[in-house]
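In: this one's sequence-less:
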């Protein structure tokens, strides 16, 4: 099997590569053997069930399915013998017999193949066929066209590992089912659409492409554009199908991060860009608008109560004038800018350059502050690099995977598929999270510990590894400093002492530690559950310690991977949208670095690091920050303690918001600049794997909306900067000149390759997917470990507020909901805010799922309905923060981690009351 | 309420949020019941079928609530449980709004031998009784006493309305087990002595293989692969090896494995342990069809005794229970079933001897084969190697049913002809019946006319007539039987038992059944169906499904319905 073999194909000597099937060989040589159940893609194992690819092998009694058969030496194969062709034609006749009179998709692969073999009719009687199932908002199910090829089952099970679709029954009664023959819309289907992408018959179709008779619209797409997904940090490559300047269907491309896969958001959530609420003209706040108050509201569909239309010229002049006036009157530090992790690298780079050189301050930040700032603080301190050490695909090479403080099936669904695939293939999966999750089913260990007790748990793991001598002495000797301090610090953290604090039995803690340390290759993935605490940096420090003292980093299948949230949070951070560092994390406090950038940019740079997000809001409340430029961020929804945030925004003298919708933040603006949505942009985006990828525009801008990079440049020019970028590529090439990490990734190369991993020093290098292979980029090349003590959550439950509130995301909604609430399928699936509570707890309180309740904390109260959710423990409330009508961040605690300055979104004291008692 | 600010939102305001997470939620009460029924049984995925039985045995049906709870308990997805449960005929799934069928369940065998003996009329008469829930089921393996009805787990032989009604009346639903020799008794008569000597290292494993090869023992499951060579192949593999015993004899007309398990349980088990010792299998799974609850009780008892003895020191025995699926007689389908999956036959290569159960090299032998292997190795085989007629070699157990005086398992020399079998072993044809034709190998082996009653019944001798011997299930037809009807019965059986994996078998058997039920057979199209089923099906079921149909058209043209000879029946 490992060697190539020579055999005879249609009388010609042919060499097969190792593992190559007859079908693939024929394909390589230019002959497409008919096929239905076979999909020529890596994750789809050939199944050989449809029997339309039969070929004749001399000396064998029956025909062979070429899709699954590999040739052996000397074998004589005939792909076009009469026997083989007769057989294929008859198989088509069998299948055509039961097809509906009018095809749901006449252009489907099935009918194309039927035409190819010349069999589009049948002499055979028809059998009863299943009814259609239109219960799902995004997909229509017409099983009367199903040919039982099993591709949707493989799509759901092998590729996406959602395990929703199955083949039930047997023989002629075999039938595709969702869960237990439930309507698709009522099932556990997560609507990734992989099955629709795989279905060759029209049985599973995007609902949007079907007319009322369940036939596909003729020519649904007039333009096809290869781009990316705008939602999470996985960085899926997409193919947009466009008609009438709307995206009607999205396919997954074979990108390095997604390998053809998408999730519900990327697949069915792109209609936000065409929503009626798009800002299409510049707006200026009316002189007679009501005074700004923290709880003011503007209807995005009718902003005229507070705003008036303006020309671009007027709006830009007004925007610039406000900043120059404040800069002149109060100095540059009264100004600030919030850039966006949703924008491109070029936009992020221009934005921070504008704030630093146009405003003259380092008060520039973005939502990384709310996500992984503490992770980055720990990583910079420990190994002087904030990036992932290995891509999430490294899970495939791993023997042990820890997922801690993360719910990848919800927040990084496509990355999760790789973790689930690995677990199914036998890799040990350890999940550590206070909440349960779908992936627990695949886990060897699920540690549902007490919220906020992360450090006790992690220190107990470190204790076990040290006490049981599971450390990698050679690795420590070669690459790790301060191990002795860790060993000394850990004395008080035995699993036996920690088990009551963290709620996990000592033996489980020990077993987990042993599994991680002893595995040949272990990797750690983490998310906001680690970072969004006042001890977030300490949590991440523990993870760094775990990986380095066991030598589980720098090799294939090992490493540290903070799963990045936004599609370009990695790139925006790399580009310098951070108050302390210039592009490529070069410290603004370092005079040499500053000098380099001052020369490159032809402008002085403030030597003082700027304020961070929450600090900026505090300063706005205090009146120290007076002018703010926001591009594509929504702090009014995303920052903790909304009342305080909105008070700060209302207090600003000059707020310019560059947006695609009138967000809760834009409501406070003095000038609103209508900007570009993702599918209208050209630019580069860097995913969690450090893959720099190219997005291409698929839609034209609505109304007078303009490209973000162009607006930033226009503002810069009005602030006195001499910027003359002709297009995005020029910005990128300038970035490349000041960022060694991407020196080898030219714009031209990206256009050819679509995706290149950084660091990449030269154009002929592939880029390093695994880094720290020989030490770390610290001064002495060694990791600097930091021992940590237990820091309790800032606000713990008490008699008045007896429960723990934790916040996060849902699969269907992105961040503050500005985009996804305006995507019909996504909002349709999760249309309103729900408080997720344990069903037993609800029972005890005499509450039913769906009842209205008030959830309150010391900072505020919101009204919403309850959802019974087994994943939440009995004293916990989970509320997603994407709902403007019931903003969870009204409740959250703005207490900060002292190092990362990240708020404690994951823990505060709260109570739930019925409407009567509250 | 004034405290709580009402904010606007940009959503579509379509409907309310879900009250639970998406999909069916686990019902706490159902979960408690499932946990109780499973007790301390393993929750590993390969236990799925066993766990389904635990629930089904208790409730007599599978409720969606229990399936959902079982999925949760076994950490499987809901569909993984549902698709397995819905495959097997012995599980009845109750949907959300369905109630359990009322009345005592009575199964009437509708395979050929039973139908020839009036099973259809019996079922019809029983259906008149409102207190019964009557269903027709495929061959239950007691064909020599046709027709058969099952009341609960009780087999009523030569059933009639009276015997069935009486069994229902007195609640006689427990299986009637054949007498089981105790392990002590078996050992007292010299049983397991040979195994003990092997385990003690007194005999070389290769010697056993040599002896089987010298005696020419071939697999009795149907394919006739030389047993010694198979043992040698598996033995030659490295790493952990497993064994799976095929006791899923479902070929209509076949009841020889039942016979050997009834008369020689310990000979079979010693044969199993000898084979396992030779190939160094750590575990031997014995897969027994669910239609034999009487045999299962005996087997469970005997295996429990053995597992507690030193005889299974090297090889653990595990009994696995089928659930009503003919396809599980196909070795790779059986392996999938043991793994707790839908029993879809695997593609070859690779062969199970290389990659079998749980991905490990696996020896698969039929029950009877192991019985004979032990007999040969212990020299208790009554001169196996010297037996044979017309060029055949060894003993062969023919399951004879149909229109003969004395049907039953006939241990006869391999290569005997049907005519000889009828005359010498079965006391001739039933009175008033004339020999018209016969099925040499159950449903799949085709049908031959009486004029070919002198063809030796052995491996390879029937191929030139379009037939094969398979499991040696000989069903004798007489002038009272219509062969086209018989062929339709068999085609319906294949359609019922097709796993549905590949198109030719799934669709082909179904379409052929529909077309053969018509007043006129479109023979061109039927021939095409047979061609594609034979050439393009994945496993033997589909490849052989056309045999009876082809035979009927070839040897019994007078029986083929042909009312519209001069009209075209071509359809679009």
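Out: Yep, that arrived. What you see is a predicted model; the values in this text were computed from it and never measured.
In: Can you give me the neighbour number for the closest residue to residue A:75 other than its chain neighbours?
Out: Nearest-residue entry for residue A:75: residue A:7, 4.3 Å, with adjacent residues in sequence omitted and distances by Cβ to Cβ, 6 or more residues apart in numbering or on different chains. In this view, the C-beta of every residue, glycine as well, is placed from N, C-alpha and C. Residue A:7: 20 surrounding residues under other Cβ atoms under 10 Å in any protein chain shown.
In: Quick one: name the residues of the stretch 301-450 of chain B near chain A.
Out: Within the stretch 301-450 of chain B, the positions near chain A by Cβ under 8 Å from any Cβ of the partner chain are B:325, B:327, B:342, B:347.
In: Please report which of the residues you listed has the highest neighbour count.
Out: That'd be residue B:327 among these, by other Cβ under 10 Å, with 28 neighbours.
In: Make sure it is indeed in a helix.
Out: Yes. Applying DSSP: H, G, I helix; E, B strand; the rest coil, one finds residue B:327 inside a helix.
In: so who does it touch?
Out: Listed by Cβ atoms under 8 Å, 6 or more residues apart in numbering or on different chains, the contact set of residue B:327 reads A:170, B:333, B:343-345, B:497-499, B:539, B:541.
In: ok, back up a step: contacting residues for the residue nearest to residue A:75?
Out: Counted by Cβ under 8 Å, 6+ apart, residue A:7 has contacts A:13-14, A:16, A:71-77.
In: Can you classify it by secondary structure?
Out: Under the three-state scheme (three-state DSSP), residue A:7 adopts strand.
In: And it, how far from residue A:57?
Out: Computed as Cβ to Cβ, to the nearest Å, the residue A:7 to residue A:57 distance reads 9 Å.
In: same check, this time on residue A:361
Out: 75 Å.
In: likewise residue A:540?
Out: Counting by Cβ to Cβ, the separation of residue A:540 from residue A:57 is 58 Å.
In: and these two? which has more neighbours close in?
Out: For residue A:540 versus residue A:57, neighbours defined as other Cβ under 10 Å are more numerous around residue A:540 (33 against 21).
In: Got the domain ranges for chain B?
Out: Split into domains by automatic domain parsing, chain B comes to B:3-94, B:104-170, B:183-377, B:395-478, B:483-559.
In: Using TSV, please lay out the ones you listed together with distance to residue A:561 and mean pLDDT.
Out: Putting the domains of chain B into TSV (distance: least, Cβ to Cβ, whole Å; pLDDT from 0 to 100) gives the following:
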stretch	distance to residue A:561	mean pLDDT
domain B:3-94	25	95
domain B:104-170	54	95
domain B:183-377	30	97
domain B:395-478	55	97
domain B:483-559	39	97
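In: Three-state assignment for the residue of the stretch 551-700 of chain A found nearest chain B, please.
Out: Closest contact between the stretch 551-700 of chain A and chain B, by Cβ to the nearest Cβ, is at residue A:661 (7.1 Å). Using three-state DSSP, the structure places residue A:661 in coil.
In: out of the contacts of residue A:7, who's nearest chain B?
Out: Nearest to chain B among the contacts of residue A:7, counting by Cβ to the nearest Cβ, is residue A:72 at 8.6 Å.
In: surely residue B:221 meets residue B:471?
Out: Yes. At 6.6 Å, residue B:221 and residue B:471 qualify as touching, with contact defined as Cβ atoms under 8 Å.
In: residues near residue A:330, how many?
Out: By other Cβ under 10 Å, neighbour count at residue A:330 equals 16.
In: residues touching it, list them.
Out: With contact taken as Cβ under 8 Å, 6+ apart, residue A:330 is in contact with residue A:626.
In: okay, it: pLDDT?
Out: Here the pLDDT value assigned to residue A:330 is 98.
In: For it, give its distance to chain B.
Out: Distance, residue A:330 to chain B, by Cβ to the nearest Cβ, to the nearest Å: 33 Å.
In: can you check residue A:774 too?
Out: Residue A:774 sits 36 Å away from chain B, going by Cβ to the nearest Cβ.
In: now residue A:300
Out: From residue A:300 across to chain B, the span is 6 Å (Cβ to the nearest Cβ).
In: Would you check that that residue makes contact with residue A:659?
Out: No. Shown here, residue A:300 and residue A:659 do not form a contact pair, counting by Cβ under 8 Å, at 10.2 Å.
In: contacts for stretch A:542-550?
Out: Residues from elsewhere that reach stretch A:542-550 (Cβ under 8 Å, 6+ apart): A:378-379, A:382-383, A:404, A:454-455, A:458-459, A:461-462, A:465-466, A:470-472, A:475-476, A:479-480, A:483, A:486, A:516-517, A:522, A:524, A:526, A:530, A:552-553, A:558-560, A:783, A:785-786, A:788.
In: repeat that with 6 Å
Out: For stretch A:542-550, contacts defined as Cβ atoms under 6 Å, 6 or more residues apart in numbering or on different chains pick out A:382, A:458, A:462, A:471-472, A:476, A:480, A:486, A:517, A:524, A:553, A:560, A:783, A:785.
In: any idea of the mean pLDDT for that stretch?
Out: Averaged over stretch A:542-550, pLDDT sits at 98.
In: How far does that stretch sit from its chain's centre?
Out: In terms of Cα atoms, centre = their mean, to the nearest Å, the gap separating the centre of stretch A:542-550 from the centre of its chain is 25 Å.
In: same deal with stretch A:147-156?
Out: Centroid separation for stretch A:147-156 versus its chain: 26 Å, with Cα atoms, centre = their mean.
In: pLDDT (mean, whole number) over it?
Out: The pLDDT scores in stretch A:147-156 average 98.
In: That one near chain B at all?
Out: No. Legend: contact between stretch A:147-156 and chain B by Cβ under 6 Å from any Cβ of the partner chain is lacking; minimum distance shown is 6.5 Å.
In: for the record, mean pLDDT for stretch A:515-531?
Out: Mean predicted confidence for stretch A:515-531 is 97.
In: Could you pull up the residues touching the residue in the stretch 251-400 of chain B positioned nearest to chain A?
Out: Nearest residue of the stretch 251-400 of chain B to chain A, counting by Cβ to the nearest Cβ: residue B:347, 5.3 Å away. Going by Cβ under 6 Å, 6+ apart, residue B:347 touches A:48, A:68.
In: what helix or strand is it on?
Out: For residue B:347, there is no enclosing helix or strand under DSSP states H and E.
In: returning to that earlier point: list only buried entries from the contacts of residue A:7.
Out: Applying 16 or more other Cβ atoms under 10 Å in any protein chain shown to those, the neighbour count classes A:14, A:16, A:71, A:75, A:77 as buried.
In: biggest helix in chain A, by residue count?
Out: The residue-count maximum for a helix in chain A (DSSP state H) belongs to helix A:312-330.
In: Understood, closing this out.
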